[in-house]
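Engineer: Turn this into a structure:
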Amino acid sequence: MATSFKCTIAVTIACLSSTVAFGQTDALTLSSGVTSPGGTISLNLSLNAPTADEPAGLEWTFLYSTSAITNITAIIGSGAAADGKVLSCTASPGSYMCFLTGLSTGKLNTNLIPTGLMAVVTVTISAGTTATSINITGALGATPSGGTEPIAATGGTITTIPPLGLTLLTCNPTTILAGASSTCTVTLNQPAPAGGTVVVLSDNNALLTVPASVTVAAAAASATFKATAGTPTTTQPATITATLNGASKTATLSLVAAVVVSTLACNSTTLDAGASSTCTLTLSAPAPTGGVTVPVSGGTSPAAGQLSHLEAIREELLSRRLPAGAHPIPPGNAVIEP
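Structural biologist: Purely as a prediction, here's the structure:
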């Protein structure tokens, strides 16, 4: 009995596949990827097959959301093609069943399929999708004798990022005088890639100067440039346009003509001592944002002051009426007659 028991165990062990004996399992894995909304991406379906446990054929089914994925196709991978296999797939809403077999020559090709690329799967996602997954079900491997064995399978995910684009163009200040500048900023929807991103610039007014382009440095999401006004004779608008990947943003500046004093008038031109007059200064154009400072100075005309002084002396002499011959006027002084 003891000998029979040992023989039974030995036969049982010998009949176990290497997968069970050593805990090894063939596995299909679908890669993941990133694309833009509404974009198309190719994913790799790879087989990991331990030595002495390679399948002679494979089958699997992709499961996916029809609202997220609008199209799915697959072509044979280099690893399977090298073994003379062919790939055939059948689509139905939400699923895509594929068979990898050796029936290309009208007879069964029992070549084993080693670890390698089994298929390249091309997927188109809908414009509104931000992330989706593709699962794998019903994965089986075929043995050279026509049997089947389970295959572990792991699906992949697809995530989306919007294409690089402009979100904003701003300038400060938005009103600039002749010869002055405004600092403008272009802002991207995400950091610029390695090497940076060039944003094309233009404007619609010959009296405004902007560079032909501005570069957003790698890993940065914005860049600044100067917009400089010429010498406009009238206040007028100027629009700056920034363009990237076919999309544009605009910002409008107001170019203000040089402001000068056109008139200065006072409501009283003759003042007694201590009195005041209200004066009005008029500019050639409305003052820009922040206002305009106009220096003002004033003083008494020497001629007018001298006349006023002489008039005071005259009034004093008239009021006193000195007797004739008294207090003669020293030589060199003027005599003021009443």
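
Engineer: Okay, now the unreliable bits of this protein?
Structural biologist: Low-confidence segments of the chain (pLDDT under 70): 1-24, 103-108, 288-289, 298-338.

Engineer: show me where it has helices.
Structural biologist: Assigned by DSSP state H, the chain shows helices spanning 2-15, 18-22, 78-81, 302-320.

Engineer: which residue ends up closest to the midpoint of this protein in space?
Structural biologist: The chain has Leu188 as the residue nearest its centroid, 1.1 Å off, counting by C-alpha atoms, centre = their mean.

Engineer: which residues touch that residue?
Structural biologist: Leu188 sits next to Leu164, Gly165, Leu166, Thr167, Thr197, Val216, Ala221, Ser222, Leu244 when contact means C-beta atoms under 8 Å, 6 or more residues apart in numbering. C-betas here are computed from N, CA, C, even on glycine.

Engineer: Could you rerun that using 6 Å?
Structural biologist: Each residue near Leu188 by C-beta atoms under 6 Å, 6 or more residues apart in numbering is listed here: Val216, Ala221.

Engineer: ok, now Thr40?
Structural biologist: Thr40 sits next to Thr124 when contact means C-beta under 6 Å, 6+ apart.

Engineer: Which residues does it form beta bridges with?
Structural biologist: Counting by DSSP bridges, Thr40 is bridged to Thr124.

Engineer: Check whether Pro211 really touches Phe225, as I assumed.
Structural biologist: Yes. With contact defined as C-beta atoms under 6 Å, Pro211 counts as touching Phe225 (5.4 Å).

Engineer: between the two, which one's more packed in?
Structural biologist: Higher neighbour count among Pro211 and Phe225: Phe225, with 20 against 12, using other C-beta atoms under 10 Å.

Engineer: didn't the more buried one look like it was pressed against Thr209?
Structural biologist: No. Using C-beta under 6 Å, Phe225 is not in contact with Thr209, being 10.6 Å away.

Engineer: Can you report how many residues neighbour the closest residue in space to Ala82 that isn't next to it in sequence?
Structural biologist: The shortest distance from Ala82 to any non-neighbouring residue, by C-beta to C-beta, 6 or more residues apart in numbering, is to Gly116 (7.5 Å). Gly116 has 17 neighbouring residues, counting by other C-beta under 10 Å.

Engineer: let's have the chain start at 17 instead
Structural biologist: Got it, the first residue is 17 from now on, which makes the last one we talked about Gly132.

Engineer: and Pro160, what does it touch?
Structural biologist: Ala72, Thr126.

Engineer: gap between it and Ala72?
Structural biologist: 5 Å (C-beta to C-beta, to the nearest Å).

Engineer: what do these two both touch?
Structural biologist: Common neighbours of Pro160 and Ala72 (C-beta under 6 Å, 6+ apart) are Thr126.

Engineer: Gly118 is in contact with Asn125, correct?
Structural biologist: Yes. Between Asn125 and Gly118 there is a contact under C-beta under 6 Å: 2.3 Å.

Engineer: Can you list the residue ranges for strands in the stretch 117-266 of the chain?
Structural biologist: With DSSP state E, counting those that start in this stretch applied, the stretch 117-266 of the chain shows strands at 132-141, 147-158, 164-166, 168-170, 172-176, 182-188, 191-193, 197-204, 213-219, 224-225, 229-232, 238-245, 252-260, 263-272, listed in chain order.

Engineer: buried sites along the last one?
Structural biologist: Neighbour-count burial for strand 263-272 flags Lys265, Ala267, Leu269, Ser270, Leu271, Val272 (criterion: 16 or more other C-beta atoms under 10 Å).

Engineer: which of those residues lies closest to Ser81?
Structural biologist: Lys265 (34.3 Å; C-beta to C-beta).

Engineer: Give the bridge partners for the closest one, please.
Structural biologist: Applying DSSP bridges, one finds that Lys265 bridges with Ala258.

Engineer: from what I can see it touches Thr186, true?
Structural biologist: No. Judged on C-beta under 6 Å, Lys265 makes no contact with Thr186 at a distance of 9.1 Å.

Engineer: give me the number of residues near the nearest residue to Ala254 once chain neighbours are set aside?
Structural biologist: Excluding the flanking residues, the one nearest Ala254 by C-beta to C-beta, 6+ apart is Asn221, at 3.5 Å. Using other C-beta under 10 Å, the number of residues around Asn221 comes to 18.
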